[in-house]
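[1] how does the following fold in three dimensions:
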Amino acid sequence: MNKSKIVTNMLASISESVDDSWIEKLDLKKLSKLLSDKISSIIDMKVNIKLELKQSRGRYKIDMISNNFADKMKPKMFKKLFVEDFGGNATKDGYYWLPVHYLYYNFSGGSNGCSIADIYIDKDGKIYKINTAY
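    Numbering: from 1, shown residues only. Now for the predicted structure:
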């Protein structure tokens, strides 16, 4: 068996062993408000978070995007500025890992991002742990 097939099989067995059925039961409206407040306090700017539940390859994923808040920065440094997820998934120990980062668009074109925090959400829709990037 070649190395890529071994790695593919290992990754498949890891993702299949995680029960993420509880994610579809989360109150996304309540969680959006909780995350809006928490992320706003971390970055010291008011953001409104919108969450959407998606399913891909049989796994649940929470997509997150904020309002564009580039105009709130003084001086205005970016054409557009959002907070969004950068992946995320259910963990083996029963949490949802949500990596949060800035997504910004430059005036001269192009976009980039940088990490804000890793947020872990429990099965009750509460924040279990936050590891900030700064």
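
[2] contacting residues for the most centrally placed residue in the chain?
    The centroid of the chain falls nearest to residue 85 when counting by CA atoms, centre = their mean (2.8 Å). Listed by CB atoms under 8 Å, 6 or more residues apart in numbering, the contact partners of residue 85 are 62-65, 98-101. Using the backbone N, CA and C atoms, a C-beta is placed for each residue, glycine as well.

[3] if we go to 6 Å?
    Residues near residue 85 by CB atoms under 6 Å, 6 or more residues apart in numbering: 64, 98.

[4] pLDDT score for it?
    pLDDT recorded at residue 85 is 96.

[5] lowest average confidence, helix or strand, in this protein?
    Scoring the helices and strands of the chain by mean pLDDT, DSSP states H and E places helix 3-16 at the bottom, with a mean of 53.

[6] and after that helix, which helix or strand comes next?
    Remark: after helix 3-16, the chain's next helix or strand is helix 28-43, criterion DSSP states H and E.

[7] summarise which helices and strands that following helix is packed against.
    Where contact means 3 or more CB pairs under 6 Å, 6 or more residues apart in numbering; DSSP states H and E, helix 28-43 is packed against strand 49-56.

[8] so which bits of the strand it packs on are buried?
    49, 51 (16 or more other CB atoms under 10 Å).

[9] who are the packing partners of the helix or strand that it is followed by?
    Heading C-terminal from strand 49-56, the first helix or strand you meet, by DSSP H and E, is strand 59-66. Strand 59-66 sits against strand 49-56, strand 80-85, with contacts defined as 3+ CB pairs under 6 Å, 6+ apart.

[10] and strand 59-66, what's its mean pLDDT?
    Mean predicted lDDT for strand 59-66 stands at 95.

[11] sort out which residues of it are buried, please.
    For strand 59-66, by 16+ other CB under 10 Å, it's 60-62, 64-66.

[12] in a markdown table: those, plus distance to residue 123.
    Shown next, in a markdown table, are the buried residues of strand 59-66 (distance: CB to CB, whole Å):
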| residue | distance to residue 123 |
| --- | --- |
| 60 | 12 |
| 61 | 16 |
| 62 | 13 |
| 64 | 18 |
| 65 | 23 |
| 66 | 24 |
